[in-house]
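Trainee: Sequence unavailable; structure follows:
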């Protein structure tokens, strides 16, 4: 039996630019594509291949602000760099954009922001935005997604993080796993592995695939330094045919707004 005793939303997170720092918020408007503006922007090489913290851990230090997105503006901050306010566009030139095996396009956001990112990361890049008329389907579950690895929502729980941290010499924060929705109140760790239908407030999610973790989880999201955990411990305790599992990918069945402290049924 799935344990959902007194479960509620503990925290909510969005990541406007794939691979860059996330923002914790009190509420998230969720569409079929996931949280509003989540992974709506992508940093790409000139050939269209996306950048990640695997090769560029400094991406974790780039902080996009959600504050101006409703007005069409994106504020960027990074250590040692002047802040940049970008007025983003939906009708600029389109460039090839590749995320793993998927290839689509992205609307180029101009030379100024491209130069800002290129200077900070030390390599030539462009920033593109997910075109409003483009559709990208999930491999499993019949959902839709923007530039995330494969699914629009990642669900984790505080109970599972506590269980993992009990096995580590030094506890890790949840931001290592870059979730969208963190559930608190499940008495047993790994309850998210057993759930399929997941109503949260007015939204309904369906969990469709375990999240196999990669070396990005070893990057300290506050300093960009790399370590060995949690992959070393996950390799001992959470190894499956799907990989080293922490968290579950979900698709959106009923859109709406999710708030911190919403009941998770």
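Mentor: In hand now; what should we look at? Keep in mind that what you see is a predicted model, and the values were worked out from it rather than measured.
Trainee: Please count neighbours and contacts with C-alpha atoms only from this point.
Mentor: Fine.
Trainee: can you list the weak-confidence ranges in this protein?
Mentor: 1-5 (pLDDT under 70).
Trainee: report the longest helix in it, please.
Mentor: Secondary structure of the chain per DSSP state H: the longest helix is helix 111-121.
Trainee: what's next to that helix, contact-wise?
Mentor: Here helix 111-121 makes contact (CA atoms under 8 Å, 6 or more residues apart in numbering) with 56, 58-59, 81, 84, 86, 124-127.
Trainee: Going by neighbour count, list what's buried in that helix.
Mentor: Across helix 111-121, burial judged by 16 or more other CA atoms under 10 Å covers 113-118, 120.
Trainee: Distance to residue 236 added to the residues you listed, as a markdown table?
Mentor: Converted to a markdown table, the buried residues of helix 111-121 look like this (distance: CA to CA, whole Å):
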| residue | distance to residue 236 |
| --- | --- |
| 113 | 42 |
| 114 | 41 |
| 115 | 43 |
| 116 | 41 |
| 117 | 37 |
| 118 | 38 |
| 120 | 36 |
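Trainee: closest to residue 69 among those?
Mentor: Of all the buried residues of helix 111-121, residue 69 sits closest to residue 113, with 15.4 Å by CA to CA.
Trainee: ok, now how distant is that closest one from residue 61?
Mentor: According to CA to CA, to the nearest Å, residue 113 stands 16 Å off from residue 61.
Trainee: And the helix or strand where residue 9 lies, what does it pack against?
Mentor: Remark: residue 9 resides in strand 8-14, with elements defined by DSSP states H and E. Applying 3 or more CA pairs under 8 Å, 6 or more residues apart in numbering; DSSP states H and E, one finds that strand 8-14 contacts strand 23-25, strand 27-31, strand 181-184.
Trainee: The helix or strand that the last one is followed by packs against which elements?
Mentor: What it means is strand 181-184. Going down the chain from strand 181-184, the next helix or strand is strand 197-200, by DSSP H and E. Other helices and strands packing on strand 197-200, by 3+ CA pairs under 8 Å, 6+ apart, are strand 203-212.
Trainee: Show me what the strand it packs on is packed up against.
Mentor: Counting contacts by 3+ CA pairs under 8 Å, 6+ apart, strand 203-212 is packed against strand 197-200, strand 243-254, strand 256-259.
Trainee: same thing but 10 Å
Mentor: On a contact count with 3 or more CA pairs under 10 Å, 6 or more residues apart in numbering; DSSP states H and E, strand 203-212 meets strand 27-31, strand 153-157, strand 197-200, strand 239-240, strand 243-254, strand 256-259.
Trainee: Can you list the buried residues in that strand?
Mentor: 203-212.
Trainee: same question, stretch 150-168
Mentor: By neighbour count on 16+ other CA under 10 Å, the buried set for stretch 150-168 is 150-162, 164-165.
Trainee: again with stretch 91-104
Mentor: 94-99, 104.
Trainee: next one: stretch 14-28
Mentor: 14-23, 27-28.
Trainee: Need the phi and psi values for the closest residue in space to residue 108 that isn't next to it in sequence.
Mentor: Of all residues not flanking residue 108 in the chain, residue 128 sits nearest, at 4.4 Å (CA to CA, 6 or more residues apart in numbering). Torsion angles at residue 128 (phi, psi; degrees, to the nearest 10) stand at phi -120, psi 160.
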